[in-house]
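Chemist: any chance you could fold what I've pasted below:
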Amino acid sequence: MSIQVIGLKTEYRSNPLGIDTAEPRLSWRLESTERNVKQTAYQIKVWTELGEDRQQEVWDSGEVESEDTIHIQYKGEPLQAEHVYHWKVRIWDQEGKQSAWSETAYWTMGLLSRGQWKGKWIGLRNGLQPTHEHTKPAIYLRKEFQIDRPVRRATVYATALGAYTLYLNGGRVSPDRFAPEWTDYHVRALYRAYDVTAMLQAGDNAVGSMLAPGWYAGFIGMFGFQKYGQDTCLLLQLNIEYADGTQESVVTDRSWKAGYGPITATDMQMGEHYDATKEIEGWNQAGFDDSTFAAADQLHDYRGWISAHPGPPIVELEQLDVVSVDERPDGAAIYDFGQNLGGWIQVQLQAARGDKVTFRFGEVLDGDGNLYTENLRHARQTDVYIAKGGGLETFETEFTFHGFRYVEVRTDAPALQIGNMVAKVAYSATETTGSIVTSDALVNRLAANVFWTQRGNSVSVPTDCPQRDERHGWTGDAQVFFRTATYNMDVASFFTKWIGDLRDSQRTNGAFPDFAPFIAGAKSDHNNDFTFTHLASAGWGDAGVIIPWTMYLVYGDTEMLATHYDAMARWVAFLENMFPEGIRNDLPQYGDWLSVPHHVMGEEAPDYNGYTGLMSTTPYDVFATAYYAYSVQLLGNAAQVLGRSSDAERYREQFAHVKAAFREAFVSGDVRIKGNTQTAYVMALHIGLLEEEERERAFQYLVEDIEKRDGHITTGIHGIKYLLPILCDYGREDLAFRLLNQESYPSWKYSVKQGATTIWERWDGWTEEHGFQKPGMNSFNHYALGSVGEWLYRYLGGIELDASATAFKRIVLQPRVGGGMSFVDCKYQSIHGDIQSHWKLEGGRLSYTVHIPANCTATVYVPANPGSEVAQFETSALVSPSASASEGGGDEAAPVRRLAALPADTTPAGLPRQRDAAGIGQAVFRIGSGSYRFESELTVQD
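Modeler: Have a look, this model is predicted:
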């Protein structure tokens, strides 16, 4: 049998350690060289270890008739804390043939109750008040212990109020950074588990930890420092299982020693100071003389929840080399990595003992070639190194994170020599799942910018930016970008964690915050500004409904809907209670944030009595009411999925009520929507706030607005998500391509042509006419306007969900051909497997090659001239059209078999017939798994 069972995952992760889910969900993928492969049944076996060479089966599902390969809930014996559970699966195909067993995967259970934690919270109190220039030092903690008999297994469980790094016998336990990561510490702290069996040694052992303020007590966002607490502390438990069946625990308590070392100041935003003259050789090894260390302080017990971390750790995932060095007239040197990124540097240097070297980080240079840092606001992004002298030294920070492309190096040391310097790209370790390459170099750069921006802003939470004093998990930004994020990377477990943060931060009245984890109060680092309470803003609070629903669509995660349903319902109840008439008209609002202002377009701003502003040309009440309706609509969908029929009906009625109020208040008799903006029309069309007979006229107003602006965008971060999709859905692919290819401001390609390597926060972050925007809000690494990535995958590449199923079990492949492009190579690894869509247009003929994963089906829409024939071939291999275009040959080399031919405009029953404004027709095929090629005659007017 050619089918293989691969990619076994438990709760979205491969072989996770220390989970606390009572009935974890198991998933796998199928891979086969055959076509039309389906799973008809599966069998799962789970067993645990009882000791040396002893196992106990805890679940045998038996043969279960089902096509399902994702989210199969464990239904065996109750799972026990700290046990290792191994599992494997086999399947039966459509012919009743049985596969081989998969390779064995495993998960381990963590500590499942507070009573299983035996240690105390320890640290080292000091009275230092941090400043922007000098923050608190790292604390060094250590403990020695003995191993006197063979060890079968050893596991460390660790959490902190702060950020920790762990060592055992001098070796780093894990590459994790900033663990246990950011949560609303008033509610919850997370822990991680580490298998350290191989790190223990007979006789003397030592466990050590560095502990830093992190998000808990350091500077955070715009809110100053110590917003969750003052003294950082560690809770650690090393559980040792011996071969003879006995157990022992090494836990944090007053017997630990604590001191300070070379990290004399550290902060996520401000930077890190490292004095190499204060290095403590062997502090984390057995036999170290710790007489200069004090007894660790036992701090207060933590009164929040302690939960297993459900997502990926933050780790270094790539290194970049310096591409150029500019020696400045004032003696500084600026190192350029050629790419804006999130992370830190590692640098080798030689200097005399006590010499000081300062490293400053920035995204861009000013007009004179100097490092531009005004847009960082209070975030210093400055590291300092004091050399120990005597040879080559290596400096790499531990507890700080920078957003940068450029590094400025300054020193007064005459003998300083800078050796090799690399940028370390770090983010939460979400696996790359998508790619898109086209014949258009600027579009490729745009797609790369979207991807790099996502990388730099996936650091425990989906942040807005990685550089200035903000870096919040803004909910509005996250929800507009979320679908793009799911194409680029497997973000399921990452957002599982963050949706938990959002739920923890929900107010008792049902209001979701504007960012999560939440920080209440005024912006103490910005003159105590309290213009916004950062609660319940339209388009931001609604993320608490939009993202769980989209998780369900993309990953088939019904459990997410069930777990989060009450929180979603409380949000909608909050809106209903506040706005019983159906119109949301509260102020202040962000609105369609960072839309192009009227004065930039040469227009006078209309007077809507304070319901528009410089940041949103779409009236706030129109915007907010549309989102109110959207939350109600999606909650009704969720209720239907969960079998809550009465809830679903109630929310359908509530949606109709809000829709009617929207139309009465904002839609004129000629279907003009209040504000007459691109965003107003695309939101109304996407959400379904207009009657069927009104939609075409509203769409024409949208088209008129774009055309009168000579093919330019005016939306902010919300409208832009829907603009290109709506144009395509209503048959104006030509106009979508015109916006994509626009190179003058405002447009995506404008920033690309200015040298952008990540997505800018604003359309006019820098313009040839005005230079930099105001530095108070001008990030050059901000993903919200990068939601065009969704359109690139769904429409240009053509890979889309079928509305009749979730998780790409059934797929729609419908590429939009045009925009002057001759080929597109699009790939996406869904939770069910690899989907590939490749088209090449040459000499009036379209070659379209696709791949469907095993156990899936697809509906393929092949563009063609009306009335022409579309041929379908079966291929044994996929050939990238980008490769064939550059290397020649290509498709001809793949063995093929002609399967069928259909005239363009042939559409199976039940599917819509579509034709765009350019007169392009289509033939529609239903196919099973495997690789296929289609050929058609196609003339595209660019």
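Chemist: going forward, measure contacts between C-alpha atoms and count neighbours the same way
Modeler: Fine.
Chemist: keeping just the C-alphas, turn the host helix or strand of residue 453 into CSV.
Modeler: In this assignment (DSSP states H and E), residue 453 forms part of helix 441-456. Below are the C-alpha coordinates for helix 441-456, written out as CSV (Å, rounded to 0.1, in the frame of the first residue of the first chain):
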residue,chain,number,x,y,z
ALA,A,441,9.8,40.9,-8.6
LEU,A,442,7.9,43.6,-6.7
VAL,A,443,5.0,41.3,-5.8
ASN,A,444,7.6,38.8,-4.6
ARG,A,445,9.2,41.4,-2.4
LEU,A,446,5.8,42.4,-1.1
ALA,A,447,5.0,38.8,-0.2
ALA,A,448,8.4,38.5,1.5
ASN,A,449,7.7,41.7,3.4
VAL,A,450,4.5,40.3,4.7
PHE,A,451,6.2,37.1,5.8
TRP,A,452,9.1,39.0,7.5
THR,A,453,6.7,41.3,9.3
GLN,A,454,4.8,38.3,10.7
ARG,A,455,8.0,36.8,11.9
GLY,A,456,9.1,40.0,13.7
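Chemist: quick one: list the elements packing against that helix.
Modeler: Judged by 3 or more C-alpha pairs under 8 Å, 6 or more residues apart in numbering; DSSP states H and E, helix 441-456 is in contact with strand 333-350, strand 417-428, strand 434-438, helix 748-753.
Chemist: rounded mean pLDDT for it, please.
Modeler: Helix 441-456 comes out with an average pLDDT of 98.
Chemist: quick one: buried residues of that helix?
Modeler: 442-443, 445-456 (16 or more other C-alpha atoms under 10 Å).
Chemist: which one among the residues you listed gets closest to residue 747?
Modeler: Nearest to residue 747 out of these is residue 446 (C-alpha to C-alpha; 11.0 Å).
Chemist: list the contacts of the closest residue to the closest one other than its chain neighbours.
Modeler: Of all residues not flanking residue 446 in the chain, residue 752 sits nearest, at 6.6 Å (C-alpha to C-alpha, 6 or more residues apart in numbering). The contact partners of residue 752, taken as C-alpha atoms under 8 Å, 6 or more residues apart in numbering, are 442, 445-446.
Chemist: measure residue 752 to residue 376 for me?
Modeler: Residue 752 sits 22 Å away from residue 376, taking C-alpha to C-alpha, to the nearest Å as the criterion.
Chemist: got it, and residue 555?
Modeler: Residue 555 is 36 Å from residue 376, by C-alpha to C-alpha.
Chemist: how about residue 485?
Modeler: According to C-alpha to C-alpha, residue 485 and residue 376 sit 25 Å apart.
Chemist: which of these two has more neighbours?
Modeler: residue 485 (28 against 24; other C-alpha atoms under 10 Å).
Chemist: let me know the angle separating the helix or strand harbouring the more buried one from helix 441-456.
Modeler: Using DSSP H and E, residue 485 sits in helix 475-488. Inter-element angle recorded for helix 475-488 and helix 441-456: 110 degrees (by axes from the mean of the first three to the mean of the last three C-alpha atoms, to 10 degrees).
Chemist: average pLDDT across helix 475-488?
Modeler: Model confidence over helix 475-488, given as mean pLDDT, is 98.
Chemist: output the contacting helices and strands for it.
Modeler: strand 434-438, helix 543-555, helix 788-791.
Chemist: make CSV from those and add mean neighbour count and mean pLDDT to it.
Modeler: Listed next are the helices and strands packed on helix 475-488 as CSV, based on neighbours: other C-alpha atoms under 10 Å; pLDDT from 0 to 100:
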stretch, mean neighbour count, mean pLDDT
strand 434-438, 22, 98
helix 543-555, 23, 98
helix 788-791, 25, 98
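Chemist: those: which one's closest to residue 797?
Modeler: If we rank those by C-alpha to C-alpha, the stretch that ends up nearest is strand 434-438, at 7.3 Å.
Chemist: strand partners (parallel or antiparallel) of that closest one?
Modeler: strand 823-830 (antiparallel) (DSSP bridges).
Chemist: got the angle between the strand it pairs with and helix 543-555?
Modeler: Using the same axes, to 10 degrees: strand 823-830 against helix 543-555 is 100 degrees.
Chemist: what helices and strands are in contact with the following helix or strand past strand 823-830?
Modeler: Counting by DSSP H and E, the next helix or strand C-terminal to strand 823-830 is strand 833-842. Applying 3+ C-alpha pairs under 8 Å, 6+ apart, one finds that strand 833-842 makes contact with strand 25-31, strand 799-801, strand 823-830, strand 845-852, helix 881-887.
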